[in-house]
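**Q** below is the structure, and that's it, no one-letter string:
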């Protein structure tokens, strides 16, 4: 059975605006995010899974929402439904909102949407263990055995990148 590889990227700060009573995602800043670095410009069109989390002063990272995209991160991460979900759940929550991206690494051919869905379900399960107030709770059932690897984070012998370490910390992965 071949391993299907993914790579973690981030955390990328998502600016929120508002008062001390609550904050919402700054839509203009979210659009600009994809233009801020060459890596993010490339990732805007990439497929995979993403995690919205809050990073706190002590270094803790708490996951709040896990999603997937087969159309590109830029189109999916900040769509209107996600704006509503994130703003409703995190209006009064403290911490810096961050976005973690888990890119599907294609070698050739069409993307494997089943693998992306399986990874999303695994990430949801891990995130739910870490934060029972996770916005989405579908996908927490036991997944069939398949070798999915996030380079440096899950089923990988590679040295973890800072992005992989942050993803592992957010999801409570060993």
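**A** Structure received. Since we're looking at a predicted model, the values are computed, not measured.
**Q** CA atoms for contacts and neighbours, from now on please.
**A** OK.
**Q** the least confident helix or strand in the chain by mean pLDDT: what's the following helix or strand?
**A** Lowest by mean pLDDT, DSSP states H and E among the helices and strands of the chain is strand 148-150, with a mean of 61. Following strand 148-150 in sequence order, the next helix or strand is helix 162-171 (DSSP states H and E).
**Q** now for that following helix, which elements pack on it?
**A** Of the remaining helices and strands, those touching helix 162-171 by 3 or more CA pairs under 8 Å, 6 or more residues apart in numbering; DSSP states H and E are strand 4-13, strand 61-69, helix 113-130.
**Q** my read: residue 52 touches residue 99, true?
**A** Yes. Contact criterion CA atoms under 8 Å: residue 52 and residue 99 qualify, at 4.8 Å.
**Q** more neighbours: those two, which one.
**A** Legend: neighbour count by other CA atoms under 10 Å for residue 52 and residue 99, higher for residue 52 (25 against 22).
**Q** is it fair to say that one lies in a strand?
**A** Yes. Residue 52 sits within a strand when classified using DSSP: H, G, I helix; E, B strand; the rest coil.
**Q** let the chain start at 10 from now.
**A** Taking 10 as the first residue, the last one we looked at is residue 61.
**Q** and the pLDDT for residue 73?
**A** Per-residue confidence (pLDDT) for residue 73: 94.
**Q** against residue 117, how distant is the closest residue to it other than its chain neighbours?
**A** Nearest residue to residue 73, sequence neighbours excluded (CA to CA, 6 or more residues apart in numbering): residue 143, at 4.8 Å. Distance check for residue 143 against residue 117: by CA to CA, to the nearest Å, it reads 34 Å.
**Q** between the two, who's got more neighbours?
**A** Neighbour totals were compared for residue 143 and residue 117, and residue 143 leads with 19 against 6 (other CA under 10 Å).
**Q** for that one, phi and psi?
**A** Backbone torsions of residue 143, given as degrees, to the nearest 10, read phi -50, psi 140.
**Q** who are the contact partners of it?
**A** 72, 73, 74, 136, 137 (CA atoms under 8 Å, 6 or more residues apart in numbering).
**Q** rerun that using 7 Å as the cut-off
**A** Residues near residue 143 by CA atoms under 7 Å, 6 or more residues apart in numbering: 72, 73, 74, 137.
**Q** quick one: buried ones out of the residues you listed?
**A** Buried subset of the contacts of residue 143 (neighbour count, 16 or more other CA atoms under 10 Å): 72, 73, 74, 137.
**Q** the first one reaches residue 134, doesn't it?
**A** No. Here residue 72 lies out of contact with residue 134, judged by CA atoms under 7 Å, at a distance of 11.1 Å.
**Q** tell me how far the ends of stretch 107-121 are from each other?
**A** With CA to CA as the measure, stretch 107-121 spans 26 Å from end to end.
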